[in-house]
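Novice: model this:
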Amino acid sequence: MRRTRNAKIVATLGPASSDAEMIEKLFDAGVDVFRLNFSHGSQEDHAKRMDTLRALEKKKGRPIGVLQDLQGPKIRVGALDDGGYHVKAGEKLRFVLEGGNGKRDSIPLPHKQVFDAIAPGHTMLVNDGRIRLKANGIGSDWIEADVVVGGPMSDRKGVNLPDTLLDLSPITEKDREDLKFGLGLGVDFVALSFVQRAADVIEGRRLVGSDVGICSKIEKPKALEQLEDIVALSDSIMVARGDLGVEIPLEFVPERQKEMIQLCRKAGKPVIIATQMLESMVEAPNPTRAEASDVATAIYDGADAVMLSAESASGKYPAEAVAMMSRVIEATEKGASYRAIVDSLNLKTEHTVEHGMAAAAALVAENVEAKAIVAFTSSGTTAVRAARERPNVPIIALTPELEVARKMSMLWGAHSVQSALVDSYDAMVEEAIAQARKEGFAMEGDRVVILSGVPFGQSGTTNNLRVARIYNS
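Specialist: Below is the predicted model of the structure:
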């Protein structure tokens, strides 16, 4: 099965998309990577979905990527008096570490890290930012805060602290158990929530290992201060606009989105745009015009992938949401202005043979009107470098390793294929031609550009470029 677009679709599985029939519908509609959200559902639920995905992979003969999304720490108030109440601007609230009775002067906040890190003047946001407070008095086990914007307070509502760097690991005990379980299932990517600093990614790497990709979710303002280091240490980035849009002013989210996409493109790291992309399709069979434009904007900006959350996990129209997203991507990429916008980012080619060859492959493919770039890769790096150049032809990413083929399912423009291991130059050319024909990218008389490394099978040796013509087999 060949996609007729470059950007990829990540879709979340959930109650509305757990049976084999619906999951196959989602794949046929355009999903490239499936997300298992460990904030919801049991480990057994996710194991059944993974079994279904691997069975579907065999049935379709196409590598399918699976992203495990860890819940991360959640800062919440405790139980409130009468289940909650409405607070007004100008009121004073007092949060306590222990023994709170839930009244306005004794609100439980059972997270010691908050009391250790918060300072006078810091903002506190409750209930997805509906209530805004400013801390004005701090003790070892209490915080006094003025209500700046009032709203409904109720039990267990989340608390966001955009100004406060919490001494809190992004990986909780629950996450550690879930991660061990997910790695045992064979997930291809692990998404880390609550990333605040580069050290959080290093901690994640120690637990995840080197064979599974780390996707750092950017949802905390503090992460923006170390963004370059976080990108450098991660395998991919998710622009998690939900929490990020609570903790920074909404008017700054679009600019931050563009900044992250450009930074990831320059670094050659796939970037996913997430949250409320087609939110109205949770209940309706069609999105709003603004939502369609939001998806298109992410594609114009150069995102590698766009993501569906509730739309595919719990919505009434999961397959329709995927199909709609796929159509919007395809229409955008075929638009008259798309190529000029994508090419407008002035990429500086690193002064290495590997980057030079990838840049040359894109240029040669355009000049000789090739139908595809065939990239041989043992680790996926060659395909990543080719995708960074945003060539105007598809990338057929060939690898003998199924795990590598699955990880390339998130990569812009890449059609990943598990292929035979080649051990000679002639075998390389023959395999490239055979796969280009088999996968429907080229026919007799067409040209393909072949990007590879010699010696074969050795990671990090992209040093060979070849133009080949498809001949009649």
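Novice: in this structure, which ranges drop under the pLDDT threshold?
Specialist: Applying pLDDT under 70 to the chain flags residues 346, 349, 457-460, 473.
Novice: What residue spans form the domains of it?
Specialist: Taking automatic domain parsing as the reference, the chain has its domains at 8-72+170-335, 81-160, 353-469.
Novice: Dump the ones you listed into TSV; add mean neighbour count as well.
Specialist: Glycine gets a C-beta too; all of them are placed from N, C-alpha and C. Shown next, in TSV, are the domains of the chain (neighbours: other CB atoms under 10 Å):
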stretch	mean neighbour count
domain 8-72+170-335	20
domain 81-160	16
domain 353-469	20
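Novice: Out of these, flag the one nearest Asp343.
Specialist: For Asp343, the closest of these is domain 353-469, at 7.3 Å, according to CB to CB.
Novice: So what's the gap between that closest one and the chain middle?
Specialist: 24 Å (CA atoms, centre = their mean, to the nearest Å).
Novice: measure it end to end?
Specialist: One end of domain 353-469 sits 25 Å from the other (CA to CA, to the nearest Å).
Novice: Please report how far Gln113 lies from Asp235.
Specialist: 28 Å (CB to CB, to the nearest Å).
Novice: Repeat that for Ile107.
Specialist: Taken as CB to CB, the span from Ile107 to Asp235 is 40 Å.
Novice: Next: Val404.
Specialist: Counting by CB to CB - Val404 and Asp235 are separated by 12 Å.
Novice: Equivalent analysis for Asp141, please.
Specialist: Using CB to CB, Asp141 is found at 40 Å from Asp235.
Novice: which residues in the stretch 51-200 of the chain form strands?
Specialist: Along the stretch 51-200 of the chain, counting by DSSP state E, counting those that start in this stretch, strands occupy 65-69, 84-87, 92-96, 107-108, 123-126, 131-138, 142-149, 151-154, 159-160, 189-192.
Novice: Which strands and helices lie in contact with the fourth one?
Specialist: So that's strand 107-108. Packing partners of strand 107-108 (3 or more CB pairs under 8 Å, 6 or more residues apart in numbering; DSSP states H and E): strand 92-96.
Novice: Just the angle for the strand it packs on relative to strand 131-138, thanks.
Specialist: Interaxial angle, strand 92-96 versus strand 131-138 (axes from the mean of the first three to the mean of the last three CA atoms, to 10 degrees): 70 degrees.
Novice: angle of strand 92-96 against strand 142-149?
Specialist: 140 degrees.
Novice: Tell me the neighbouring strands of strand 92-96, and mark each as parallel or antiparallel.
Specialist: strand 107-108 (parallel), strand 142-149 (antiparallel) (DSSP bridges).
Novice: What are the boundaries of the helices in the stretch 201-350 of the chain?
Specialist: Along the stretch 201-350 of the chain, the segments classed as helices by DSSP state H, counting those that start in this stretch run 221-225, 227-233, 241-247, 253-267, 289-301, 310-313, 318-333, 338-343.
Novice: what sits up against the fourth one?
Specialist: Put plainly, it is helix 253-267. Residues from elsewhere that reach helix 253-267 (CB atoms under 8 Å, 6 or more residues apart in numbering): 218, 224, 227-228, 231-232, 236-237, 239, 241, 244-245, 248, 270-271, 273, 297-298, 301-304, 345, 347-348, 388, 390.
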